[in-house]
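> heads up, no residue letters with this:
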Ligand code: NAP
């Protein structure tokens with residue numbers, strides 16, 4: 001019998017990759033879309049005609065209970081969030097409501113609709129919960145036992161979502177797991193995120209549509225992988241007999257400057273400095289200087305490993321945006 005999967009955040013980067021993966025695996029896929037006039041609805045319906053759309057909102061628990069009744073899921077992937085770190089500083093209370101309390105709303109919706117023993121739940125936790133203060137694991141990268149020290153409203157809200165998921169696992173014996181994912185990017189990444197902002201601007205500069213790009217600090221280091229690889233890890237996490245938490249990462253870290261190096265090289269430019277302006281408006285009140293993940297547990301237990309490397313990721317994104325903007 002085909003399994004049913006319910007995805008919150010279906011219109012986001014990971015939602016699209018995951019919908020495709022689960023459909024290919026034979027799942028019947030349901031996706032939650034919020035808002036009366038969400039412009040991403042039409043795009044999602046056109047690109048993923050096999051997804052059954054349910055109108056609901058992570059802040060409205062009755063809508064989530066209805067989503068459970070309509071979809072009767074075997075697996076719930078909670079990907080919806082206010083997910084942009086910079087935005088979370090400007091809208092911290094909304095971030096708490098959606099990214100933090102929204103997780104509780106979804107877990108309670110599962111319980112109240114009678115799914116606590118039958119439904120498997122995936123929570124999209126994040127490396128931003130570690131905060132980059134690498135005092136406890138110098139050089140080895142963060143793993144599942146590292147200390148948390150979030151440095152943004154987003155990271156703090158995600159940490160609540162992480163712990164409430166663990167709490168429901170321990171309190172109600174739910175099959176509830178967290179994937180602590182390090183940054184993952186790709187052609188579906190929102191234009192507000194720095195990697196896609198760069199790949200898109202580089203394409204537009206090459207095509208004469210834009211003169212320069214404005215960025216914040218170029219020094220932060222991130223562990224960047226490809227989103228298509230990471231949704232495979234999410235699915236593997238829910239196929240385990242026992243619920244647990246896993247770090248998904250590449251085990252490499254690179255600066256934004258290195259991303260710029262590779263992206264501009266793709267269009268034949270070695271010295272990108274004339275094309276990049278630093279704008280204090282993009283600096284954050286508190287920055288995460290370095291994120292480096294240690295995916296040893298996921299590699300051993302899940303048999304998961306990223307396939308796309310850093311240069312491959314940058315090339316894929318620039319190539320995609322060159323086609324998109326041409
Ligand atoms: P994304 O592209 O920003 O997508 C976020 C999704 O959440 C969108 O579909 C958005 O829908 C939805 N959403 C926002 N508020 C909502 C609400 N009140 N009710 C229902 N849906 C709502 O994020 P992503 O990159 O795919 O990431 C997926 C998840 O993984 C997120 O939780 C993110 O925080 C987490 N994560 C991501 C990364 C990464 O590097 N990508 C790393 C670690 C963890 P709209 O169409 O309405 O905007």
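Structure received. Computed from a predicted model, the values in this text were never measured in an experiment.

> Stretch 174-188 and the ligand, are they touching?
Yes: counting by CB under 6 Å from any ligand atom, contacts between stretch 174-188 and the ligand involve 181, 183-184. (C-beta placed from N, C-alpha, C; glycine too.)

> for these, which one is nearest residue 246?
residue 181 (9.0 Å; CB to CB).

> Test my guess that that closest one contacts residue 248.
Yes: under the criterion of CB atoms under 8 Å, residue 181 makes contact with residue 248 at 4.9 Å.

> circling back to that earlier point, could the residues of stretch 174-188 next to the ligand be laid out in JSON lines, adding neighbour count, pLDDT and distance to residue 258?
Below are the residues of stretch 174-188 next to the ligand laid out as JSON lines (neighbours: other CB atoms under 10 Å; pLDDT from 0 to 100; distance: CB to CB, whole Å):
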{"residue": "181", "neighbour count": "25", "pLDDT": "98", "distance to residue 258": "21"}
{"residue": "183", "neighbour count": "22", "pLDDT": "97", "distance to residue 258": "13"}
{"residue": "184", "neighbour count": "26", "pLDDT": "98", "distance to residue 258": "17"}
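
> Mark which of those are part of helices, please.
Among the residues of stretch 174-188 next to the ligand, no member is found in helices (DSSP state H).

> pretty sure residue 277 belongs to a strand, no?
Yes: counting by DSSP: H, G, I helix; E, B strand; the rest coil, residue 277 is located in a strand.

> need the contact list for it.
Neighbouring residues of residue 277 by CB atoms under 8 Å, 6 or more residues apart in numbering: 212-215.

> again, but for residue 240
177, 301-302.

> What count of nearby residues applies to whichever residue of the stretch 201-326 of the chain sits closest to the ligand?
Residue nearest to the ligand within the stretch 201-326 of the chain: residue 227 (6.3 Å; CB to the nearest ligand atom). Residues near residue 227, counting by other CB atoms under 10 Å, number 22.

> so what's it up against?
Listed by CB under 8 Å, 6+ apart, the contact partners of residue 227 are 13-14, 17, 184-186, 188-189.

> Ok, residue 237 next?
Taking CB under 8 Å, 6+ apart, we find residue 237 in contact with 122, 177, 179, 244, 246, 302.

> same thing with residue 291?
Contacts of residue 291 were listed using CB under 8 Å, 6+ apart, and they are 127-128, 130, 132, 142, 182-183, 221-223, 253.

> Name the nearest residue to residue 141, ignoring sequence neighbours.
Spatial nearest neighbour of residue 141, chain neighbours left out: residue 294 (3.6 Å); criterion: CB to CB, 6 or more residues apart in numbering.

> The one you found and residue 216: what is the separation?
Noted for residue 294: a distance of 27 Å to residue 216, by CB to CB, to the nearest Å.

> Compare those two and say which one has the larger neighbour count.
The neighbour count for residue 294 versus residue 216, taken as other CB under 10 Å, is higher for residue 294 (20 against 17).

> Tell me the residues of this structure that contact the ligand?
Residues of the chain lying near the ligand (CB under 6 Å from any ligand atom): 8-9, 11-15, 32, 34-35, 38, 40, 57-59, 79-83, 98, 124, 126, 181, 183-184, 190.

> which of the residues you listed are buried?
Neighbour-count burial (16 or more other CB atoms under 10 Å) applied to those gives 8-9, 11-15, 32, 34, 40, 57-58, 79-83, 98, 124, 126, 181, 183-184.

> In helices, which of these fall?
Checking those against DSSP H, those in helices are 13-15, 40.

> which intervals of the stretch 101-250 of the chain have sub-threshold pLDDT?
The model of the stretch 101-250 of the chain has pLDDT under 70 over residues 133-138.

> show me where it has helices.
Under the criterion DSSP state H, counting those that start in this stretch, helices of the stretch 101-250 of the chain are mapped to 102-112, 153-172, 194-206, 227-238.
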